[in-house]
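> A structural model of the following input is requested.
(2 chains)
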2 protein chains.
Amino acid sequence: MNFCSHCGAVVQLVHLPNDALPRYVCATCAAIHYQNPKMVTGCVVYRQNRVLLCKRAIEPCFGMWNLPAGYLENGETAEKGAMREVWEEAHAEVSIQGLHCIYSIPRINQVYLIFLASLNNLQFSPTSESSEVALFSETEINWNEIAFTSSVFALKHFFSDLREGTARVHIGSFTG
Amino acid sequence: MNFCSHCGAVVQLVHLPNDALPRYVCATCAAIHYQNPKMVTGCVVYRQNRVLLCKRAIEPCFGMWNLPAGYLENGETAEKGAMREVWEEAHAEVSIQGLHCIYSIPRINQVYLIFLASLNNLQFSPTSESSEVALFSETEINWNEIAFTSSVFALKHFFSDLREGTARVHIGSFTG
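Purely as a prediction, here's the structure:
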């Protein structure tokens, strides 16, 4: 950040009184430009013992497989954003069953909110964001082809919950 | 948003191809300035059947009572942010026991992530943000003095879970 998005003047990084972090402050109009983490919302979409994965047709990790997930937009609830991402990436309609995990990546200022969602029917298809969409059981997944630690975290816990017959919310982070 | 925070030129609200929402785009350097919801992290801090509330010494809702909570900062995990807020607002040290609720307020682009946390000891005190800090049982709470619908949602569910001997993650939203 170099310029004030409100008035266009130059901003400075300032340590304000009683504030933990330095902030970009406009020397002309005094606007404080806070910067905060973003939420990524998505779903572990399941049908019996299989989960729906999408082969990425976009960067990053083009060609790898992923849960349908993406940035929450202004004006959305977390669960609506998660369902929208499933539609955009897999053209699938789902019903949210509960929260599955929250997973923070502080180095890149992201928090994932991943819901458990059941497929409403067996209709899903490739989209502009996914070259393939398919259901996988645990043994059918090639773990080397899964994009992002957040997906591995969510999927591993889904299948261990399935084996144990439990469902709880998992809290994790990647601090590497 | 009027100006590009990268180069200082005027931005325009543009509907980009394959994008659901209009974005602020710089006509000079082509930077796209995405705007996304913010996370508020905090805790229902409990000791037996009582919860820790803070009387707000800051606006908004100056003088009303609230859970310790505030905006997640860059570089934090969700749970670290929640513990930092408890320290900043109540000078209390806590142990996170799990997630309690997520609560979206799409009209103002906020998602609350509220954790369950036990008090490590009975040391807590007023801070620059809280004029009083105290433990309350359900019947000791004056519900008309609780700031924010997110706090009411989290507290009502905490006490009903307590009565029922259960603990699960609650998903809610305020869409008024």
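> Going along the chain, name the helices of chain A.
Per DSSP state H, chain A carries helices over the ranges A:78-90, A:149-164.
> Can you read off the pLDDT for the residue nearest the centre of chain A?
By Cα atoms, centre = their mean, the mean C-alpha position of chain A lies nearest to A:Val40, the distance being 2.9 Å. pLDDT recorded at A:Val40 is 98.
> again with the one 4 residues further on
A:Val44 is assigned a pLDDT of 98 by the prediction.
> In chain A, where is pLDDT below threshold?
For chain A, no stretch is flagged by pLDDT under 70.
> In it, where's the longest strand?
Taking DSSP state E as the criterion, chain A has its longest strand at strand A:94-105.
> how far out from the middle of the chain is that strand?
Counting by Cα atoms, centre = their mean, to the nearest Å, strand A:94-105 is centred 9 Å from the centre of its parent chain.
> Show me which positions of it end up buried.
Residues A:94, A:96, A:99-105 are the ones in strand A:94-105 that count as buried (16 or more other Cβ atoms under 10 Å in any protein chain shown). Placement of C-beta: from N, CA and C, glycine included.
> Also stretch A:1-9?
A:3-6, A:8.
> contacts with chain B among those residues, please.
Among these, the ones lying near chain B by Cβ under 8 Å from any Cβ of the partner chain are A:3-6, A:8.
> Mind picking the two most distant members of those?
A:Phe3 and A:His6 (9.7 Å; Cβ to Cβ).
> Packed most tightly, which of the helices of chain A would that be?
Most buried of the helices of chain A by mean neighbour count (mean count of other Cβ atoms under 10 Å in any protein chain shown) is helix A:78-90; its value is a mean of 23.
> between that helix and strand B:94-105, how many degrees?
70 degrees (axes from the mean of the first three to the mean of the last three Cα atoms, to 10 degrees).
> show me where chain A has strands.
Using DSSP E, the strands of chain A run over residues A:11-14, A:23-26, A:32-33, A:38-47, A:50-56, A:65-66, A:69-71, A:94-105, A:110-119, A:130-136, A:170-173.
> closest to chain B out of the ones you listed?
Chain B sits nearest to strand A:94-105 of all the strands of chain A, at 3.7 Å, using Cβ to the nearest Cβ.
> who's in contact with A:Phe3?
By Cβ atoms under 8 Å, 6 or more residues apart in numbering or on different chains, A:Phe3 lies in contact with A:9-11, B:3-8.
> which residues does A:Val44 bridge with?
Applying DSSP bridges to A:Val44 yields these beta-bridge partners: A:Leu116.
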